[in-house]
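1. just to be clear, the model below is a prediction. Sequence and coordinates:
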Amino acid sequence: MTNQAIPLFFNPVAGRGRTGRRAASVSAILEANGIAHTAIASQEPGHLEALVLGAINDGQRKILVAGGDGSIHEAVNGILRSGHEVEFGVIPTGTGNDFAKACSIPLSWEDAATLLADRISSGSPGRQIDAGRCNERFFANGAGIGFDAKVSRISHSINLPIGDLVYLLAVFRGIWDGIATPHVSLRFGDERFEGALTLASFSNGPWVGGMFHIAPMAKNDDGLLDLVYAKAVTRRRIMSLLPKIMQGTHLDAPEVDWKAIRKCELTADAPVPSHLDGEIQPLQTQFSIEVLSGALRLL
């Protein structure tokens, strides 16, 4: 049993409201397993990150997060901005839960909460995993530039209760709207790509959007990011590639390249959309992306 209250941060609207509806049940599981904690709800975008940073600055070195990839994104930015070593536990209650999949966390939130409580009670140490940095922001699972960022933006505007299928619907809407292929320069190691690009994905974990196996070889404890980039493709070609991306068999397509990297510089001729862990970023032309090996400690 642990006697020190651990903050449990959650965004009530995460998972299209599921997190708010399940927060009391998550607390009940933790309490039943002897985990003293304090549930803390965020109120707006960016608030969870500020709450996490404040708690760490006040001396907390262990935190819990119930939510989806967006909540984990904010928590990780709060942790890494603090400069302190902090152990954090995740209870997946989001839509895609890509980070949870990458970390082999049970996707059943009840099972995840029970397992997490057991690890805390037994004093199990956190395991080191990698994070990524894109310009001045951090990411836990992945960063994307181009079409996948457009899909992330569209998915946030869809309020239908259809789970992971929201991302598939967003893909179809994105294709219908048209596919931008900006001219970019990619530099990683001793290699370089210049030309029209549909997307560039920098993966710490293998999944994006809940159902797209974008980087099947990615591991978030190997000190590497997996860069998957696709040259200019048509709407019809994206439709034919889509089943392959869902199955993780797209890497042999002639338009697709893959490299394991530690750092990459991307420059676009015009401002392009991007996302970090599915969270939309301001339009930019310059991206400096790198892996932060062993930067996080996951309970």
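-> Yep, that arrived. No experiment lies behind these values; they were computed from the predicted model shown. Residues are numbered from 1 along each chain as shown.
2. which parts of the protein are helices?
-> Using DSSP state H, the helices assigned to the chain run over residues 18-32, 47-57, 69-82, 98-102, 109-122, 147-156, 165-177, 235-247.
3. buried set for stretch 221-236?
-> Buried positions in stretch 221-236, judged by neighbour count with 16 or more other Cβ atoms under 10 Å: 221, 224, 225, 226, 227, 228, 229, 230, 231, 233. Heads up, the C-betas are built off the backbone N, CA and C, glycines and all.
4. so how far is it off the chain centroid?
-> From the chain centre to the centre of stretch 221-236 is a distance of 16 Å (Cα atoms, centre = their mean, to the nearest Å).
5. now do stretch 236-251
-> 21 Å.
6. just the mean pLDDT for that stretch, thanks.
-> On average, the pLDDT along stretch 236-251 is 88.
7. buried residues in it?
-> 238, 241, 242, 245, 246, 250, 251.
8. now do stretch 263-279
-> Using 16+ other Cβ under 10 Å as the burial criterion, the residues of stretch 263-279 that qualify are 264, 266, 268, 272, 273, 274, 275, 276, 277, 278, 279.
9. okay, those residues in JSON lines with distance to residue 191 and pLDDT next?
-> JSON lines is the format used below for these (distance: Cβ to Cβ, whole Å; pLDDT from 0 to 100):
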{"residue": "264", "distance to residue 191": "10", "pLDDT": "98"}
{"residue": "266", "distance to residue 191": "13", "pLDDT": "97"}
{"residue": "268", "distance to residue 191": "18", "pLDDT": "95"}
{"residue": "272", "distance to residue 191": "21", "pLDDT": "92"}
{"residue": "273", "distance to residue 191": "24", "pLDDT": "91"}
{"residue": "274", "distance to residue 191": "21", "pLDDT": "93"}
{"residue": "275", "distance to residue 191": "24", "pLDDT": "93"}
{"residue": "276", "distance to residue 191": "23", "pLDDT": "96"}
{"residue": "277", "distance to residue 191": "26", "pLDDT": "96"}
{"residue": "278", "distance to residue 191": "28", "pLDDT": "90"}
{"residue": "279", "distance to residue 191": "28", "pLDDT": "93"}
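10. those residues in strands, which ones?
-> 264, 266, 268, 272, 273, 274, 275, 276, 279 (DSSP state E).
11. ok, the closest residue to residue 126 other than its chain neighbours - contacts?
-> Nearest residue to residue 126 in three dimensions, chain neighbours excluded: residue 297, at 3.4 Å (Cβ to Cβ, 6 or more residues apart in numbering). Contact analysis of residue 297 by Cβ atoms under 8 Å, 6 or more residues apart in numbering lists 85, 86, 87, 88, 125, 126, 127, 128, 129.
12. how much space between residue 297 and residue 70?
-> According to Cβ to Cβ, to the nearest Å, residue 297 and residue 70 sit 21 Å apart.
13. and what of residue 50?
-> 15 Å.
14. the two: which is more packed in?
-> For residue 50 and residue 70, the more surrounded residue by other Cβ atoms under 10 Å is residue 70, and the numbers stand at 22 against 15.
15. got a pLDDT number for that one?
-> Taking residue 70 on its own, its pLDDT is 94.
16. please look at it and residue 94 and confirm they touch.
-> Yes: with contact defined as Cβ atoms under 8 Å, residue 70 and residue 94 form a contacting pair (7.1 Å).
17. which residues do the two both contact?
-> residue 14.
18. weed out the non-buried ones from the contacts of residue 297.
-> 86, 87, 88, 126, 129.
19. reformat those residues as a markdown table; add pLDDT and distance to residue 20.
-> Converted to a markdown table, these look like this (pLDDT from 0 to 100; distance: Cβ to Cβ, whole Å):
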| residue | pLDDT | distance to residue 20 |
| --- | --- | --- |
| 86 | 98 | 25 |
| 87 | 98 | 25 |
| 88 | 98 | 20 |
| 126 | 94 | 27 |
| 129 | 98 | 27 |
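20. filter the residues you listed down to the ones in strands?
-> Going by DSSP E, the strands hold 87, 88, 129 from the buried ones among the contacts of residue 297.
21. what's the closest of those residues to residue 23?
-> residue 88 (17.2 Å; Cβ to Cβ).
22. roughly how far does the closest one sit from residue 129?
-> Residue 88 is 10 Å from residue 129, by Cβ to Cβ.
23. joint contacts of those two?
-> Contacts common to residue 88 and residue 129, judged by Cβ under 8 Å, 6+ apart, are 296, 297, 298.
24. OK, contacts around the first one?
-> Translated: residue 296. 76, 79, 80, 88, 128, 129, 130, 131, 140.
25. the second one - how many residues pack around it?
-> Residue 79 is flanked by 26 other residues according to other Cβ under 10 Å.
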